[in-house]
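In: Fold the following for me, if possible:
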Amino acid sequence: MVSSDHVSFPAYLGVDVGGTTIKIGIVDDSGRSLAHGKIDTDHERGPEDGVRRIIDFAEGLFAEAGLNWEQIRAVGLGTPGTMDVKQGMLLHMPNMSGWDDFPIRSYLAEQTGKPVAFLNDANAAAYGEYWVGRGQEYDSLIMFTLGTGVGGGVIIHDTTLDGEHSHGSECGHIIIDSSADARQCPCGQFGHLEAYVSATSVAKRTQEMLADGAESSLQAIQSEHGEVSSLDVAKHAEQGDAFANQMIRETGHYLATGITSALHIIDPDIVVLGGAMNFGGHQTRAGRAFLEAIRQRIRELTFPVLEENTIIDFATLGSDSGYIGAAGVARKQFG
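Out: Numbering: from 1, shown residues only. Reported below is the predicted structural model:
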């Protein structure tokens, strides 16, 4: 139980919906996480059931933190997929069948009796980093979330860039290759950043190169399991495999191309890289090499004033950034 003497009231409930899990946390007015956890999304049970289980789990968190609903000012909700932020609607949820065209903001507000801030999950993660993470000392931030796909969030002077049609900040769909043989993105279009730097695409590019005869210790993994993962690439790069390190540098160069386009449009103070696909981040030689490859390529591509004054670094909140950021946006809207 958290002592109320150390809590900055009011508190907020943050919810970060994903295709596999839903992360839920109580966050106080200073951005401190008081209690948090996650539940399975079980999307096949539908959004109404999902909301009920979110509320049930939140009540368990309240008991853990010694709080109650009366001490919660508002709820922040981040979701994936396409949405209408102004109307509070989920539109199309590719990985969550049965959740399409659902008025989730109003439904959650009715069930909790609290106002609900609704936003894209990547913008929620970006706001978390902006509020209390790596970007907290700065006025503007772009975040790239690298995982199964590639998400993006843009924060400018405490405001999330949602766009007029709720499709702002879609950094994963920046076009980095307009050639006739550009790689296909999971969205169906070609040449998008996500088709080159997501964990899925890193694995696919690696497997293609191995099939073409690339010399690497990863050949044994490919032979045994029929596939390799981005984690395999990171592990073998850390062990000194030259091909795996080449794949990491190449991925960094692709990502730098997308970041450069974003820099020339937004001109932020800082770019943060979040998500699980970071090759170990600052903790590993492979992760540090990945970051340096990005920085080096940006130096080659961008205007000097941007390269000299923009920080490029890994995020610091990990998987907590989504629910913290969602709570932070609720605080901004209703605090």
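In: number of nearby residues for Arg205?
Out: 20 (other C-beta atoms under 10 Å). To be clear about C-beta, it is placed using only N, CA and C from the backbone, and glycine gets the same treatment.
In: I'd like the C-alpha coordinates of the helix or strand containing Tyr12 written as CSV, please.
Out: Take DSSP states H and E as the rule and Tyr12 turns out to sit in strand 11-17. Only the C-alpha atoms of strand 11-17 are listed here, as CSV (Å, rounded to 0.1, in the frame of the first residue of the first chain):
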residue,chain,number,x,y,z
ALA,A,11,-4.7,10.5,-9.4
TYR,A,12,-5.5,9.1,-12.8
LEU,A,13,-6.1,5.7,-14.3
GLY,A,14,-4.1,4.9,-17.5
VAL,A,15,-5.0,2.1,-19.9
ASP,A,16,-2.9,0.9,-22.7
VAL,A,17,-4.7,-1.6,-25.0
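In: Not counting it itself, show me its contacts.
Out: With C-beta atoms under 8 Å, 6 or more residues apart in numbering as the test, strand 11-17 has contacts from 22-29, 34, 41, 50, 54, 58, 67, 71-80, 108, 112, 114, 121, 124-125, 322-328, 330-331, 335.
In: chain center to it: distance?
Out: Offset of strand 11-17 from its chain centre (C-alpha atoms, centre = their mean, to the nearest Å): 15 Å.
In: now stretch 224-238
Out: How far stretch 224-238 lies from its chain's middle: 22 Å, per C-alpha atoms, centre = their mean.
In: If you count neighbours, what's buried in it?
Out: By 16 or more other C-beta atoms under 10 Å, the buried positions in stretch 224-238 come out as 228-230, 232-238.
In: So which of those residues belong to helices?
Out: With DSSP state H as the criterion, helices contain 230, 232-238 from among the buried residues of stretch 224-238.
In: May I see these arranged in TSV, with distance to Ile142 and pLDDT as well?
Out: Formatted as TSV, these follow (distance: C-beta to C-beta, whole Å; pLDDT from 0 to 100):
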residue	distance to Ile142	pLDDT
Ser230	22	96
Asp232	29	97
Val233	25	98
Ala234	24	97
Lys235	29	97
His236	30	97
Ala237	26	97
Glu238	28	96
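In: quick check, nearest of these to Ile221?
Out: Set against Ile221, the nearest of these by C-beta to C-beta is Asp232 (5.3 Å).
In: quick one: the closest one and Gln219 touch, right?
Out: No - applying C-beta atoms under 8 Å as the test, Asp232 and Gln219 come out as separate, 11.2 Å apart.
In: Report the next helix or strand after the strand holding Tyr12 in sequence order.
Out: strand 21-27.
In: contacting residues around that following strand?
Out: Residues from elsewhere that reach strand 21-27, judged by C-beta under 8 Å, 6+ apart: 11-16, 33-41, 50, 53-54, 57-58, 61-62, 65, 67, 72, 319-320, 322-324, 327-328, 331.
In: With only the CA atoms kept, save that strand in PDB.
Out: C-alpha atoms of strand 21-27 as PDB (Å, rounded to 0.1, in the frame of the first residue of the first chain):
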ATOM      1  CA  THR A  21      -2.300  -7.600 -23.300                       C
ATOM      2  CA  ILE A  22      -3.900  -4.500 -21.700                       C
ATOM      3  CA  LYS A  23      -1.600  -2.600 -19.400                       C
ATOM      4  CA  ILE A  24      -3.400  -0.700 -16.600                       C
ATOM      5  CA  GLY A  25      -1.900   1.600 -14.000                       C
ATOM      6  CA  ILE A  26      -2.700   4.300 -11.400                       C
ATOM      7  CA  VAL A  27      -0.600   7.400 -11.800                       C
END
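In: any idea how far the residue sitting furthest away from the middle of the chain lies from Ile54?
Out: Centroid-distance maximum for the chain: Gly213 at 34.0 Å, with C-alpha atoms, centre = their mean. In this view, Gly213 and Ile54 are 50 Å apart by C-beta to C-beta, to the nearest Å.
In: all strands for the stretch 201-335 of the chain, in order.
Out: Secondary structure of the stretch 201-335 of the chain (DSSP state E, counting those that start in this stretch): strands located at 270-274, 311-314.
In: Pipe the ones you listed into TSV and attach distance to Ile174, mean neighbour count and mean pLDDT per row.
Out: Below are the strands of the stretch 201-335 of the chain laid out as TSV (distance: least, C-beta to C-beta, whole Å; neighbours: other C-beta atoms under 10 Å; pLDDT from 0 to 100):
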stretch	distance to Ile174	mean neighbour count	mean pLDDT
strand 270-274	13	25	98
strand 311-314	16	17	98
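In: Including distance to Gly46, could the ones you listed go into CSV?
Out: Below are those laid out as CSV (distance: least, C-beta to C-beta, whole Å):
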stretch, distance to Gly46
strand 270-274, 29
strand 311-314, 36
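In: which one of these lies closest to Glu292?
Out: For Glu292, the closest of these is strand 311-314, at 9.8 Å, according to C-beta to C-beta.
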